[in-house]
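Chemist: return a 3D structure for these sequence lines:
(one chain, ligands or ions: 3)
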Amino acid sequence: MSRFQGLAVARVVAAHGRHAFVETAEGRRVQCHLRGRKADLVVGDLVRWQSAGDEGVIEAVEERRNLLFRQDDWRTKSFASNLDQILLLVAGEPVFSESQLTRALVAAESAGIPALIGLNKIDKPSAVQARERLQPYRAMGVQVLEFALKADPATALARLQPLLQGKITLVLGPSGTGKSTLINLLVPQAQAQVGEISQALNSGRHTTTSTLWYWLDTARSGALIDSPGFQEFGLRHIDPAQLATLMPDLRAQLGGCRFYNCMHRHEPGCGVLAAVERGEIAPQRYRLYAQILDELTER
Ligand SMILES: Nc1nc2c(ncn2[C@@H]2O[C@H](COP(=O)(O)OP(=O)(O)OP(=O)(O)O)[C@@H](O)[C@H]2O)c(=O)[nH]1
Ligand SMILES: [Mg+2]
Ligand SMILES: [Zn+2]
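Modeler: Ligands and ions are numbered 1, 2, ... in the order given. From the prediction side, this is the model:
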C-alpha cells in the first residue's frame, strides 16, 4: 500500500510531460504538475493528487491497466492508458500507409487492447481503393466500419455509437483523416469540455497537437480520446520472435512450421511461407512482417 492511498483519485484528461489537467470525481478540471522525478503522465492515467493553491500536485500514478505506446530509435511516445479499445481511423485521402496501420495494430495487440478500423470519407472515389487495401484486415478478423463523417453524419453516428458507448476509446490515425471531425460529431459539447485546455495546448490550430479526453455522455460512462496524427510508428519494444504472434493472419499459420523457432524468412518447411504461396496471407502483409522483423533484428 502506498502512502498516497488516502489522497483523492483523479483522471488525466490532457498531459504535457510532467504537467497535466486532471478531472476530479466531481467533474472539476484542475491544472496539476507531477511531483518528483517520475515518468511522464499520459491521458487516461488515474492519479493520486492534492490541491496546492489554484493548482494541484500529483503525488502518484496508479498502476495502468494498459498503455499504448510506440518506441522509435531514441524515444518512447505514449498515446494513452487504461483503454477499452482503439479506433484506427483511415481514409482514401490522404492515402493511408499500410505500414503505419499494421504497426498500430501490432502495438495494440501487444498491449492487449482490442482495435477496430474506421474507413472515413467513403463519399470520395478514393474510398474504393482504400476499401480494397483493407480486405486482408477484414479477412483476419478486424472489424472495419465505413462512413463519411462529414458527408453523411447521420449514418456515421448510427454505425459508430453502438460500438463506442460505455467504452473508453482512443482515436488514432494519420493527420487529416477526420479524428477531430469524429469527436465533434459524437461529442456535441466537445468545445465546451476542453475549451480552456485546448486553448492552452493547441493554441487555436486546426491540426490537433495534443491528446485530449472527451466524455461521450453526461453520465460519463464512455469517452473518446482525440490524438495528433502520427508519421512514424516504431516497434522497438517488440520481441522479434513474438512479432508473428501479434499479426493474426500470420499467427493462424504458426502451427505449420517445421522448426519451433522459425522466423518465417527462408526456413524450409515454414507454414507461413506456404500460406503466402497459397494466397492465404496477403503478400503485402508478409512484406510488412519481413520489413518490421528486419528493423527489429538489425543492429
Ligand atoms: N470528403 C470528406 N471530407 C471529410 C470527411 N470527414 C472529414 N473530412 C475533412 O477532412 C479534413 C481533416 O479532418 P480533421 O477532423 O481535422 O482530421 P484529423 O484527423 O483531426 O487531423 P489532425 O488533427 O491533423 O491529426 C477536414 O477538412 C474535414 O472536413 C468526410 O466524410 N468526407
Ligand atoms: Mg485533429
Ligand atoms: Zn515459419
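Chemist: which non-adjacent residue is nearest residue 232?
Modeler: Nearest residue to residue 232, sequence neighbours excluded (Cβ to Cβ, 6 or more residues apart in numbering): residue 72, at 5.8 Å. The way it works is simple: take the backbone N, C-alpha and C, and place the C-beta from them, glycine included.
Chemist: give me the number of neighbouring residues for the one you found.
Modeler: Residue 72 has 12 neighbours, counted by other Cβ atoms under 10 Å.
Chemist: how about the one 5 residues further on?
Modeler: Residue neighbour count, defined by other Cβ under 10 Å, stands at 14 for residue 77.
Chemist: can you give me the strands in the chain?
Modeler: Remark: strands assigned in the chain by DSSP state E are 8-16, 19-23, 29-34, 46-52, 55-61, 67-71, 76-81, 85-91, 115-120, 144-146, 168-172, 212-215, 223-226.
Chemist: for the chain, what helix or strand is lowest in average pLDDT?
Modeler: Here the helix or strand of the chain ranked lowest by mean pLDDT, DSSP states H and E is helix 190-202, holding a mean of 70.
Chemist: still on that earlier bit, how confident was the prediction at the residue nearest to residue 232?
Modeler: On pLDDT, residue 72 comes in at 89.
Chemist: that one and residue 44, how far apart?
Modeler: The gap separating residue 72 from residue 44 is 21 Å, by Cβ to Cβ, to the nearest Å.
Chemist: how about residue 116?
Modeler: 18 Å.
Chemist: more neighbours: these two, which one.
Modeler: For residue 116 versus residue 44, the count of surrounding residues by other Cβ under 10 Å is larger for residue 44: 26 against 19.
Chemist: the more buried one: what's it in contact with?
Modeler: Applying Cβ atoms under 8 Å, 6 or more residues apart in numbering to residue 44 gives the contacts 11-12, 64, 80-83, 168, 170, 213, 225.
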